[in-house]
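Novice: Just a sequence and a predicted model for now, questions to come.
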Amino acid sequence: MLFFDGSRGRLHYRRWPVDGHAAVAVLLPGIGQHTGHYHRFARILRSVDIELWGLDTAGHGLSEGDPEHPGTLAELVADATTLVDLVRAELPESPLLLMGHSLGAVTALGMLGAAIPDASTATDLNAVEANFPLVPSLAPGTLTGLVLSGVPRRALGSGTPGAPGTPLPSDLPVLAVHGVEDRRAPVDAMRVWTERHEWVDLREYADAGHDLLHEPVHARVGADIADWMQGVVVGLARHA
């Protein structure tokens, strides 16, 4: 089993190796999920030669901690960045894709300094600056692509005039997948966010809710993500 020392104790991560892989993806699950729930998704990515690594958030899966208090966003970002560093140390030449679901998607945006609360949910910008990472924890060029699933509204304030934080890089390919019936993170906020970030590819799934990879549409969503990741990696190779 694989562990590292995180912000709130020993954290478990999982790796699904792929011989001769074309790229590696790092998955950050949401609250209530852990890497043991993603074997099926790992097989889908394997079919397009993408190796998957995933993190058990503090208090989830085999990681130490309190599941009710997995950490501040700064701590979550620090833990996820440590995992990316481990991937980079093991596979330094592999194109790297980052994927986050729900809280994991907030963390992924936080790693880019772009997880800024929506203006209607944040009344004190000083509090925003105190509690949300405003600068990237990843060096420029670390990521080949970013996949966001079920992003809560509270992290979708970037891109507005005068917003704190770091603008999302316009040269970073981004795929957002979202259920039209998502009650935890209504899709309307994501639609507004993607209007501000025109290069983001938003895929909406009718009759689907928050946890797309564990709902009846999971096969289509998984295939769409895998195809998109493969396309990004192929496009990178063509421009190399």
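Specialist: Nice, I can see it.
Novice: name the helices or strands packed onto the longest strand seen in the chain?
Specialist: Ranked by number of residues, the top strand in the chain under DSSP state E is strand 9-16. When contacts are defined as 3 or more C-beta pairs under 8 Å, 6 or more residues apart in numbering; DSSP states H and E, strand 9-16 packs onto strand 2-6, helix 39-46, strand 50-55, helix 73-90. C-beta: built from backbone N, CA, C; applies to glycine.
Novice: buried stuff in that strand?
Specialist: Of the residues in strand 9-16, 11-16 count as buried by neighbour count, 16 or more other C-beta atoms under 10 Å.
Novice: sorry, back to before: hey, which of the helices and strands packed on strand 9-16 is tucked in deepest?
Specialist: Stretch with highest mean neighbour count among the helices and strands packed on strand 9-16: strand 50-55 (a mean of 25; mean count of other C-beta atoms under 10 Å).
Novice: which outside residues touch that one?
Specialist: Residues outside strand 50-55 that contact it (C-beta atoms under 8 Å, 6 or more residues apart in numbering): 11-18, 21-29, 35, 38, 41-42, 45-46, 63, 79-80, 83, 86-87, 91, 94, 97, 226, 229-230, 233.
Novice: Please repeat the previous calculation with a cut-off of 6 Å.
Specialist: Strand 50-55 is contacted by residues 13-16, 18, 21, 23-28, 35, 38, 42, 45, 83, 87, 229 when judged by C-beta atoms under 6 Å, 6 or more residues apart in numbering.
Novice: hey, where'd the strands end up in the chain?
Specialist: Here the chain has its strands, by DSSP E, at 2-6, 9-16, 23-28, 50-55, 96-101, 145-149, 174-179, 201-205.
Novice: looking at these, which is closest to residue 214?
Specialist: Closest approach to residue 214 among these is made by strand 96-101 (9.7 Å; C-beta to C-beta).
Novice: Now do the closest one: everything it contacts.
Specialist: 24-30, 107-108, 143-147, 149-150, 229.
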